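Colleague: Have a look; sequence and predicted model below, questions after that.
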2 protein chains.
Amino acid sequence: MEPSADDIEKEADGGTGPVAIGRVRRGTGRRLHGAIANKLGRAILGGEYAPGERLEGEVAFSESLDVSRTAYREAIQVLVAKGLVESKPKAGTRVLPRNRWNLLDPEVLAWAFSGRPHMDFVRNLFELRSIIEPAAARLAAERRDRTDLKALRDALTGMRQHSLATEAGRAADRDFHDAILQATRNDALVALSASIGAAVSWTTIFKQRGEPLPRNAIPDHVRVYDAIAAGEPEAAAEAMRALVALALEDTRSAMA
Amino acid sequence: MEPSADDIEKEADGGTGPVAIGRVRRGTGRRLHGAIANKLGRAILGGEYAPGERLEGEVAFSESLDVSRTAYREAIQVLVAKGLVESKPKAGTRVLPRNRWNLLDPEVLAWAFSGRPHMDFVRNLFELRSIIEPAAARLAAERRDRTDLKALRDALTGMRQHSLATEAGRAADRDFHDAILQATRNDALVALSASIGAAVSWTTIFKQRGEPLPRNAIPDHVRVYDAIAAGEPEAAAEAMRALVALALEDTRSAMA
DNA sequence: GCTCTCGAATATGTCTGAGTAATGAGCTCA
DNA sequence: TGAGCTCATTACTCAGACATATTCGAGAGC
């Protein structure tokens, strides 16, 4: 479902400027300004531009990228909307301090993981998961209906069918955690779904990078499902707590 | 600090179209495209445009607003970045289903509260607070340093000095909760600060709308501070749990 | 009569170039 | 030394043209 996140082609330009600026061409479905925002977003999240640093002027930068100022400006507006940069007349466009970034925005999260994210950040995301998901599982056990349980079963089936090594398997994993958040009937928690989901699948990928198949994740998930289906809030929360803790342990050892 | 959220002037136009479209003029500091995004965002969050509904074409809409297509398009890119709308050639610009919205984006949250938010949504936000904040208080009690404690004390002083009925008092309240999240040393939790903060101050405003001063909130906050300062995680979590529960109770009775 | 393919209409997407407005820095002057 | 002013710089807004993608309908073919 997600594009392979590499639909931007960088053509090495002859320039030898202080910051190597590749040209931006959009992939098939993507719009040009989206591709530019993508490129700049990844650069910022990847630390190529330090907070406080000033970007080149509109005219100069859009020329280096070989795009019109219109497309460039629309891309900048996207970054502004996500709290990554701020631009004022005369002052130019500057990267904002990290605490102003909307780190939980799905796209920002994707940009963060497109590079090599710091272990600190991954740990922080797991800490967030360990706060949110057990509580969500507790609520889900209280409020779930037949539809929610079916969604959970379908996700489990998908995880069993495809391995977690495949994209389809990771999607099923995401669906499982997503279905739990949906079952809480809480819009604010559902909004966190995209963030949690990104964390889930990316950390799963990290696991796979290390050892081939560190541990079968299915039983943990089944325990969570059983508790939710049985309508036992405390058991659901406890099972989810265990799941996240084990996932963190796996990820930690895989990254070390 | 925050602009009064009313720096957009709507001039009733003579038109009698199905949806009354006011012209958009920007306030002092604000850029034009920002003002347009603001206006449209509030309209969408306020339910003036139903999910799935199609907006007028770029040319027609920008003309009704009496702005250039450039400014209008830049505003739309902002809304796209926040997951509110999606636009494709020939198909037009459509409002996305609610579950695609980045509800925790600070600006989106502000737009949601600029109208009369449903009690359901407020309850959901409190549910999120009751999940996040006790856990954050627990972590803060473990990790806080001298600077964090000073920030907390300063916030308490501010709350005592100005009443919660004033903007300064609400800012101090926000600062208190923000300082706790900062003390967790977790970027992901800090990113939630803006969302939590918005919920805190807006719900406080609701309280004020009802009874003049329903309850002195200071003692609750002091208990949280004491536990964090003493380095007692469980006590801090428990104190925060109580604080949020009481705040919800106050808000609920004020809205009913 | 039904399906499939292809073309044209239409709305968004991109580009160019001009002109406006806001801001920060340096200068002048008290 | 400090406050106020001028000015250069930069982003912001505008207008209009052209490009591109996607939908929808018409027509060919089965």
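Modeller: Received the coordinates, thanks.

Colleague: Quick one: low-confidence residue ranges for chain A.
Modeller: Within chain A, the stretches with pLDDT under 70 are A:1-23, A:25-29, A:203, A:206-214, A:256.

Colleague: In it, which helix is the longest?
Modeller: Secondary structure assigned by DSSP state H gives helix A:119-143 as the longest helix of chain A.

Colleague: any idea how far the residue located most distally from the centre of chain A is from A:Ser62?
Modeller: Of all residues in chain A, A:Lys90 sits farthest from the chain's C-alpha centroid, using CA atoms, centre = their mean; the distance is 34.3 Å. For A:Lys90, the distance to A:Ser62 (CB to CB, to the nearest Å) stands at 18 Å. Using the backbone N, CA and C atoms, a C-beta is placed for each residue, glycine as well.

Colleague: again with A:Thr184
Modeller: A:Thr184 sits at a distance of 44 Å from A:Ser62 (criterion: CB to CB).

Colleague: So between those two, which is more surrounded?
Modeller: Taking other CB atoms under 10 Å in any protein chain shown, A:Thr184 and A:Ser62 do not tie; A:Thr184 has more neighbours (27 against 20).

Colleague: Would you report the backbone torsion angles of that one?
Modeller: A:Thr184 has phi and psi values of phi -70, psi -10 when expressed as degrees, to the nearest 10.

Colleague: how about whichever helix or strand A:Leu246 is part of: buried residues?
Modeller: Counting by DSSP states H and E, the element that carries A:Leu246 is helix A:233-255. Applying a neighbour-count criterion of 16 or more other CB atoms under 10 Å in any protein chain shown, the buried positions in helix A:233-255 are A:233, A:235-241, A:243-244, A:247-248, A:250-252, A:254-255.

Colleague: go on, stretch A:51-58?
Modeller: Taking 16+ other CB under 10 Å as the neighbour-count basis, stretch A:51-58 is seen to contain the buried residues A:Pro51, A:Leu55, A:Glu56.

Colleague: Close to DNA strand C: what parts of chain A are there?
Modeller: Proximity of chain A to DNA strand C is assessed by CB under 7 Å from any atom of the strand, with A:26, A:31-33, A:67-71, A:74, A:88-91 identified as the residues in range.

Colleague: what two of those residues are the furthest from one another?
Modeller: A:Arg26 and A:Lys90 (31.3 Å; CB to CB).

Colleague: Return the distance of stretch A:137-144 from the chain's centre.
Modeller: Using CA atoms, centre = their mean, to the nearest Å, the mean C-alpha position of stretch A:137-144 is found 25 Å from that of the whole chain.

Colleague: whoops, I mixed them up, stretch A:40-55
Modeller: In terms of CA atoms, centre = their mean, the centre of stretch A:40-55 is set 18 Å apart from its chain centre.

Colleague: And for that stretch, what's in contact with it?
Modeller: By CB atoms under 8 Å, 6 or more residues apart in numbering or on different chains, the residues outside stretch A:40-55 that reach it are A:19, A:61, A:75-76, A:78-79, A:82, A:84-85, A:92-98, A:107-108, A:111-112, A:114-115.

Colleague: picking that back up, go through the buried residues of stretch A:51-58 and name the one nearest DNA strand C.
Modeller: Within the set of these, A:Leu55 lies nearest DNA strand C; the separation is 15.0 Å, counting by CB to the nearest atom of the strand.

Colleague: quick one: contacts for A:Pro238?
Modeller: Rather than Pro, residue A:238 is Glu. Applying CB under 8 Å, 6+ apart, the residues near A:Glu238 are A:Pro134, A:Ala227.

Colleague: what does A:Ala137 give?
Modeller: Applying CB under 8 Å, 6+ apart, we find A:Ala137 in contact with A:Ile180, A:Val224, A:Ala227, A:Ile228, A:Pro233, A:Ala236, A:Ala237, A:Ala239, A:Met240.

Colleague: Many thanks, have a good one.
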